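**Q** just to be clear, the model below is a prediction. Sequence and coordinates:
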Amino acid sequence: MRKFLDSSWRVKLSALIMGSGQLMYGCVAKGIIYILIEIGFIAYMVIRGFSDIVGFFTLGTTKADAWLGTVGDNSVVMLLMGIFAWIVVAAFIYLYVLNIKSACDIEERVSTGRAPKSFIDELKELLDRKFYITVLVLPVVGVCIFNILPIIFMILISFTNYGGSIVPPELVDWVGIDNFKKILTLSKFAPTFARILGWNILWAVVSTALNYFAGLGLALLLNKDCVKGKAFFRAFPVLAYAIPGFITLLAFKFMFSYGGPINQMIKATGTAPIGFLDLDAKWMARLIGILVNCWISVPSIMLLATGHLSNRDMSLYEAARIDGATPFQQFRKLTMPFMLFATTPVLLGQFIGNFNNFGIFYFLRGGLYMDGYFLASDTDLLINWLYNLSIDNNYYCIGAAISLIIFIITSAISLAVYVKSPSYREEDTFQ
Amino acid sequence: MKRKIALVLIGMMALTTLAGCKSESKEATKEAASPTNTIFTGELEENVTIQVLENDTAISKGYFDELIKAFNKEYEKYGITAVDANMDQYLDLANDGPYGYGPDVLYQANDVIMQYAEGKHIYPLPVEQLDCYSQIPEAAWKAYQVDVEGNTYTCGVPVNVQAPMLYYRTDLLPEDWKSNWDDNKNDVPDMVENWNDMYAYSKEIHEVNPDKYGYMKSLYDVYFSSGFLFSYGGYIFGDNNTDTNDIGFAAGDANKGAWVLSQLASNMNEDCIDDTITTNAYSKLADGTYFATLSTPDTYTTFYDSLVEEYENDGLTEDEARDKAIENLVMTSLPKLPESGDLTEENPSLIDTKTMGGVNGYAISSYTKCPNACLAFVDFATNYEMIKLRNEKLGIAPAREDVAEELGGLSKQMYENLEKGNVVLMPSIKEVGQIWTPGQTFFTDLAKDSFRPESEKKFKDLDALKAGLEDMCNQISDAIHTLE
């Protein structure tokens, strides 16, 4: 800022007409690019940017009526285009600041008697010293469009009344924090939320731990020298991993159904069939869910662990053996710290994935509402409840609000665990 | 890391600020005027192509091809051509239509079509101008009516009625059925005329051979099970299926209907709790494990093919197997129910069994460029000849009285059931989507109850059943209204 205030009129002109400072100091190509950016931005704002920003606030004023031929406003599209316009504005502000900085830098170089960098030199820098910018531009743009935009969209939806009977052509409106108030104050919501959250946390912790240790155990087992035909045995879990998850889940649903093979075998012994997944089977269904999830997830952990295990320093194990360490002590003192250090971020990813594991209970035991639960069953996770409320019942705004709450919970847990983990605290140890 | 946390906090603060962005309420832009006359002027748009979304079976069985050929020939002089829209049945007209995608004319079930009516994605039709208008019963027209801004519009043209039917095998009847199971001597077995005899026969079959069953059906299926509630005074929504504040699954003596289901379940096995019977009914009816089941008319060919295959496996030639399957596989309307709800009652007073059903029909997209040509197509496709041809090719039960009358048999029965109100049409409002899961939960619980130890049974008497049904209604109400 100081630099800008102390600069000459040439630089200050850049604040009004982007690129003019560069042009005046002879950086023609750079100056033209900045001018074109400004012209492009102004054109965009005039053609649609300004109306998109207005639309972002109003979310439409004219209701579409196909019978009368009124085209009308689509609030959801307006919200999306509004967010896009803000992103364009933010990108322009960034480029604008870059333009001022660039003009200041050029002036500084000139004042110290050096020639301004030529456009070719700057381009060369992008392939050398600033290569990171070149390779990051495309991913950042992609992340903005495909990640940031939908996330912001979802977050903003939670502050609107979108859903229920308010879907296009009806006009959506901003409602502030009404949806959050509703979730927190509605007497029917709180008990279900607490129950599901409790089960959800238990599920995520148990599933993650079980999958992790089962995958690690399998990898260690198949890493043993005494195991013959390792490649053959490794193929089986990979096969389970390769089959699409929902097909596996439907197959398990059939296996545990009353007419499925497990009950057929039970019936053949003269015993009454067991309702493994029916509405009385709360804990049995939960256990089956955990085991089925294990079946689906263990192969990926096994593959990951197999890779990491091959990087172990085997001399440490040899030393431990000489010192008389038992295999369990070696596992606890050497293998586990090494694996935890390398895989904590993956473990967190697994935890979040399991916390939000929609498919397991949707496919295994969907379509039931239990006593004591508001529009949910006793195996539903928050994400399943979210689906019941938002997609099944069309309350997209409430669904968005709950997903924001889930996001806050999972990110708080993940952040806390990550900050405490050796992966973060001892980041430099292995470098 | 502190910087990152600070950034997250700044982000959250920005969001909180946005929460204050609350604009004024919207104002209505234009008053709705009756649009039917302005849209359908009667002046055919010339040289246009109409995209028609038809039923998959109608396409695969060749009916649709014949329909468009006949229509295109008739309207050749105007240059109007109807073609297959070649789109998925599960279209999203509300989102695709405004952008120029989607069919001009669509054939779907009434509850699917009417989802589009409230948002005005399909046109209100001048149905009284159509050839079929006077031939279709009021109940079927009502399935396509919608109230928009205080006016009632009809947005679809009924073609055929869909409702559950009873499937059974005559070769699995007892040999002495004419003497012992035909009290009224009308040459129709009593077990397919009333549920009391069906219950008694199911019990008898299962007692003689524990691996065989009489009537079998997955009870969780709301579409098939709710008819038993309707027969005793239950209903879906009040005020002609439009008032979502009045949910009537527990109304009247609906608990007697639930009791009937519970008694029927007592002669089944645990497969009735989940969807096992729904998936295995074709093969189990064919191999003689089940005597009877419920299904929709469109599944007749699947039952028939399974039975033919079974007969062929028994050593019959293909022709013999086909003849025998036609002779032995019967699809008929549902048996009558005892007024008391007691399936063990001797000489009960009988009432009609009601069923949940639907009416499939045509609608015209609001995004079509040629509404008059589309209306001409709908008029043509619902005329006497075409509906008759549709029945011949697809075996549908027509909604037209004249065709149903001429065909007689099942078509006439279905038409009469519709006219008498025994086919309770699925509501044409989107809130109907909220009845399935609560209903499914109740009926699963009811089926499961038959297999619980006596001390753990939930539904020991009619009062308990009533309470269960009321819980179901409350859940539906919660699903519809809590988040409004």
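**A** Cool, the structure landed.

**Q** what's the lengthiest strand in chain B packed up against?
**A** Once chain B is assigned using DSSP state E, the strand that runs over the most residues is strand B:355-364. For strand B:355-364, the elements it packs on are strand B:105-109, helix B:110-115, strand B:157-162, helix B:222-230, helix B:371-381, helix B:409-420, strand B:423-425, judged by 3 or more C-beta pairs under 8 Å, 6 or more residues apart in numbering or on different chains; DSSP states H and E. All C-beta spots, glycine's among them, are computed from the backbone N, C-alpha and C.

**Q** among the ones you listed, which gets the worst mean confidence?
**A** Taking each of these in turn, the one with the lowest mean pLDDT is helix B:409-420, at a mean of 82.

**Q** pLDDT on stretch B:259-273, on average?
**A** Averaged across stretch B:259-273, pLDDT comes to 93.

**Q** quick one: pLDDT of residue 28?
**A** Just so you know, I chose chain A. We note a pLDDT of 89 for residue A:28 in this prediction.

**Q** you answered for a different chain; I wanted chain B.
**A** For residue B:28, the model assigns a pLDDT of 37.

**Q** before we move on, the earlier item: in a markdown table, list the helices and strands packed on strand B:355-364 along with distance to chain A and mean neighbour count.
**A** Shown next, in a markdown table, are the helices and strands packed on strand B:355-364 (distance: least, C-beta to the nearest C-beta, whole Å; neighbours: other C-beta atoms under 10 Å in any protein chain shown):
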| stretch | distance to chain A | mean neighbour count |
| --- | --- | --- |
| strand B:105-109 | 14 | 23 |
| helix B:110-115 | 11 | 22 |
| strand B:157-162 | 17 | 27 |
| helix B:222-230 | 10 | 25 |
| helix B:371-381 | 11 | 23 |
| helix B:409-420 | 29 | 19 |
| strand B:423-425 | 22 | 26 |
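
**Q** got CSV for the ones you listed, with distance to residue A:361 too?
**A** As requested, these are arranged in CSV below (distance: least, C-beta to C-beta, whole Å):
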stretch, distance to residue A:361
strand B:105-109, 29
helix B:110-115, 27
strand B:157-162, 32
helix B:222-230, 21
helix B:371-381, 44
helix B:409-420, 39
strand B:423-425, 33
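
**Q** for whichever residue of the stretch 51-200 of chain A sits closest to chain B, what are its contacts?
**A** Using C-beta to the nearest C-beta, the point where the stretch 51-200 of chain A gets nearest to chain B is residue A:66, with a distance of 3.5 Å. Residue A:66 sits next to A:169, B:97, B:98, B:120, B:121, B:123, B:366, B:367 when contact means C-beta atoms under 8 Å, 6 or more residues apart in numbering or on different chains.

**Q** separation between residue B:116 and residue B:143?
**A** Counting by C-beta to C-beta, to the nearest Å, the gap from residue B:116 to residue B:143 is 14 Å.

**Q** ok, now residue B:373?
**A** Summarising the geometry, the distance separating residue B:373 from residue B:143, computed by C-beta to C-beta, is 25 Å.

**Q** okay, now the domains of chain A?
**A** A:2-176, A:181-425 (automatic domain parsing).

**Q** who in the stretch 151-300 of chain B is up against chain A?
**A** For the stretch 151-300 of chain B, the residues in contact with chain A (C-beta under 8 Å from any C-beta of the partner chain) are B:269, B:270, B:271, B:273, B:274, B:275, B:276, B:277, B:279, B:280.

**Q** so what does the fourth one have for phi and psi?
**A** I take that to be residue B:273. The phi and psi values for residue B:273, taken as degrees, to the nearest 10, are phi -80, psi -40.

**Q** wait, doesn't it sit right on residue B:440?
**A** No: with contact defined as C-beta atoms under 8 Å, residue B:273 and residue B:440 do not form a contacting pair (11.3 Å).

**Q** looking at these two, which one has more neighbours?
**A** Set side by side, residue B:273 and residue B:440 give different neighbour counts by other C-beta atoms under 10 Å in any protein chain shown, the larger being at residue B:273 (30 against 22).

**Q** need the contact list for the more buried one.
**A** A:258, A:275, A:278, B:218, B:219, B:220, B:444, B:447, B:448, B:451.

**Q** for whichever residue of the stretch 201-350 of chain B sits closest to chain A, which non-adjacent residue is closest in space?
**A** Chain A sits closest to residue B:276 of the stretch 201-350 of chain B, with a gap of 3.2 Å, by C-beta to the nearest C-beta. Counting by C-beta to C-beta, 6 or more residues apart in numbering or on different chains, residue B:276 lies nearest to residue A:259, which is 3.2 Å off, once chain neighbours are set aside.

**Q** give me the neighbour count for that neighbour.
**A** When neighbours are counted by other C-beta under 10 Å, residue A:259 registers 22.

**Q** next, it: phi, psi?
**A** Dihedral angles for residue A:259 - degrees, to the nearest 10 - are phi -100, psi 10.

**Q** show me what contacts it?
**A** With contacts taken as C-beta under 8 Å, 6+ apart, residue A:259 has the following neighbours: B:271, B:274, B:276, B:277, B:279, B:280.

**Q** first to last residue in stretch A:113-127, what's the distance?
**A** Distance between the boundary residues of stretch A:113-127 (C-alpha to C-alpha, to the nearest Å) amounts to 26 Å.

**Q** low-scoring stretches of the chain, by residue?
**A** No chain was given, so I picked chain A. Applying pLDDT under 70 to chain A flags the ranges A:1, A:423, A:426-431.

**Q** right idea, wrong chain: chain B
**A** B:1-35, B:89.

**Q** per the record, what domains does it have?
**A** Taking automatic domain parsing as the domain assignment, the ranges for chain B are B:40-155+B:358-420, B:165-354+B:432-481.

**Q** JSON lines for those, including distance to residue A:365?
**A** JSON lines is the format used below for the domains of chain B (distance: least, C-beta to C-beta, whole Å):
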{"stretch": "domain B:40-155+B:358-420", "distance to residue A:365": "24"}
{"stretch": "domain B:165-354+B:432-481", "distance to residue A:365": "10"}
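
**Q** of all those, which one comes closest to residue A:249?
**A** Closest to residue A:249 of the domains of chain B, according to C-beta to C-beta: domain B:165-354+B:432-481, at 14.8 Å.

**Q** alpha carbons of stretch B:135-155, as CSV, please.
**A** Output in CSV follows, covering the C-alpha atoms of stretch B:135-155 (Å, rounded to 0.1, in the frame of the first residue of the first chain):
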residue,chain,number,x,y,z
GLN,B,135,-66.6,-42.8,-22.1
ILE,B,136,-64.2,-42.4,-19.2
PRO,B,137,-65.6,-42.5,-15.7
GLU,B,138,-65.3,-39.5,-13.5
ALA,B,139,-63.0,-41.2,-11.0
ALA,B,140,-60.4,-41.6,-13.7
TRP,B,141,-60.7,-38.0,-14.8
LYS,B,142,-60.4,-36.9,-11.2
ALA,B,143,-57.0,-38.6,-11.0
TYR,B,144,-55.8,-36.0,-13.5
GLN,B,145,-57.4,-33.0,-11.9
VAL,B,146,-55.4,-30.3,-10.1
ASP,B,147,-56.4,-27.1,-8.3
VAL,B,148,-54.2,-24.2,-9.3
GLU,B,149,-54.8,-20.8,-8.0
GLY,B,150,-58.4,-21.6,-7.2
ASN,B,151,-59.3,-23.2,-10.5
THR,B,152,-59.6,-26.9,-11.3
TYR,B,153,-57.8,-28.2,-14.4
THR,B,154,-57.6,-31.6,-16.0
CYS,B,155,-54.0,-32.3,-17.1
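
**Q** circling back: going by distance to residue A:84, which of the contacts of residue A:66 wins?
**A** Lowest distance from residue A:84 to those (C-beta to C-beta) belongs to residue B:98, with 19.4 Å.

**Q** neighbours of that closest one, just the number please.
**A** Using other C-beta under 10 Å, residue B:98 has 20 other residues around it.

**Q** what does residue B:387 give?
**A** Residue B:387 sits with 23 neighbouring residues when counted by other C-beta under 10 Å.

**Q** and the gap between it and residue B:357?
**A** In this structure, residue B:387 and residue B:357 are separated by 18 Å, where distance is defined by C-beta to C-beta.

**Q** need the contact list for the residue of the stretch 201-350 of chain B closest to chain A.
**A** A:257, A:258, A:259, A:260, B:218.
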